[in-house]
Every structure is written in C-alpha cells, then in structure tokens.
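Undergrad: Dropping the sequence and predicted coords here.
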Amino acid sequence: MEKANLTTLPDEVLLNKIYVIRNQKVMLDRDLAELYGVETKQLKRQVNRNIERFPDDFMFELTEKEFESLRCQIGTSKIGRGGTRYIPMVFAEHGVLMLSSVLNSPKAIQVNIQIMRVFTHIRQSLADNTELRLLIEELRKKTDNNTKNIEIVFQYFDELLDKKDKVKPRTQIGYKIGKKK
C-alpha cells in the first residue's frame, strides 16, 4: 500500500509553519503546497475552483500591511528578487482540513492528518496552560486570604498585649505564704 511509503514529518516542522494572524492560528498557502508536494499555484487553483468550501473563517488573503509584516518576520525577499509575487492565502485549522477534500492525494491526506494532530496538540497545550493559570490564581486568592487572617490574628495579639499593659496587677487573695529562709 502507498501509505507505508509516505514519511511522517516532525511536529516541529509543522509547528514552525503555523502563524498567528488576526488572532487565528493559520498556515500559508506556499507552506501547505510544499508539505502536500504540489505547486502553490496548483493549490490556489484548486481552492479557487472550490471557493464555496472556504468561507472567510476557513481561508482569507492577507492585506498588504499583513503581507509586509509577515515578509519581515519570515525573511522572504522582495517582489522582483524571486520573492512571492502574489499576496498569500492563509488557512485556518478548518481551512486546512477542507484542503484535504480538494487535494485528494495520499500524501495530502497523510500530511493533513499530521497537521490536524498538531493543531489539536496546540489547543490541548493552551487548555492545559489555562487550567494551570486558574489553579495559580486560586492559590493566590487563598494566600491573600491567609495573609489577611494572619494580620487579624496579630492585631488581636497586639490588642491583648495593650490590655495586659493597661490592667493593674491584682492583689493576691487567699493565703499568703511568706518566703522561706
């Protein structure tokens, strides 16, 4: 079977191709094309032929400003020097998933499965971090309450000491035993 011949990519390779744009984790068309083993223009052509499968929350094109910012971040060359000539399409998690139905090759399916696992792993890591932050906040609140309680206890001690200093010593009642010689 051809599935056995497909090599899996390290998760780090996939993680390095995920960017956060417009508060979404996305992948660039050229990175996806490279992973799927197709040309970027072929990937774009297939997407444009099936554009109804890619609503704005699945796939969008970058603005000029976003493109320039991304170019600076990832170090691509300028237009005219071998760089990207067209503004890239970026695919959110569901858009990447939809690509597997558009690019129906064994490699595309296998790579897509890996990408989905990486997205799931990222989501799980974020959930774990959120849970950890909530636990830390809960501990901080308990510590704050304990600090307040300790302060109250010390206030009571101070009040008792003040009262003790103000109270006159009592005269002893009952039998007085003299000092032994």
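TA: Okay, I see it. Numbers count the residues shown, from 1 in each chain.
Undergrad: Just the element for the residue most central in space within the chain, please.
TA: Centroid-nearest residue in the chain, with Cα atoms, centre = their mean: residue 126, separated by 4.2 Å. Using DSSP states H and E, the element containing residue 126 is helix 106-166.
Undergrad: name the helices or strands packed onto that helix?
TA: Helix 106-166 makes packing contacts with helix 11-15, strand 18-21, strand 24-28, helix 29-36, helix 93-102 when contacts are defined by 3 or more Cβ pairs under 8 Å, 6 or more residues apart in numbering; DSSP states H and E. All C-beta atoms are positioned from the backbone trio N, CA, C, and that covers glycine.
Undergrad: partners of the third one, with directions?
TA: Spelled out, it's strand 24-28. Next to strand 24-28 in the sheet, as set by DSSP bridges, lie strand 18-21 (antiparallel), strand 89-92 (antiparallel).
Undergrad: Residue 66: which of the ones you listed is closest?
TA: Proximity to residue 66 (Cβ to Cβ) singles out strand 18-21 among the strands paired with strand 24-28, at 6.2 Å.
Undergrad: Could you give me the buried positions within that closest one?
TA: 18, 21 (16 or more other Cβ atoms under 10 Å).
Undergrad: ok, and what's touching that strand?
TA: 25-28, 62, 66, 70, 73, 90, 118-119, 122 (Cβ atoms under 8 Å, 6 or more residues apart in numbering).
Undergrad: Now neighbour count and distance to residue 135 too, for the residues you listed, in a markdown table please.
TA: Compiled in a markdown table, the contacts of strand 18-21 are given as follows (neighbours: other Cβ atoms under 10 Å; distance: Cβ to Cβ, whole Å):
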| residue | neighbour count | distance to residue 135 |
| --- | --- | --- |
| 25 | 17 | 25 |
| 26 | 22 | 30 |
| 27 | 25 | 32 |
| 28 | 21 | 36 |
| 62 | 19 | 38 |
| 66 | 16 | 36 |
| 70 | 18 | 36 |
| 73 | 9 | 34 |
| 90 | 24 | 34 |
| 118 | 22 | 26 |
| 119 | 20 | 25 |
| 122 | 16 | 21 |
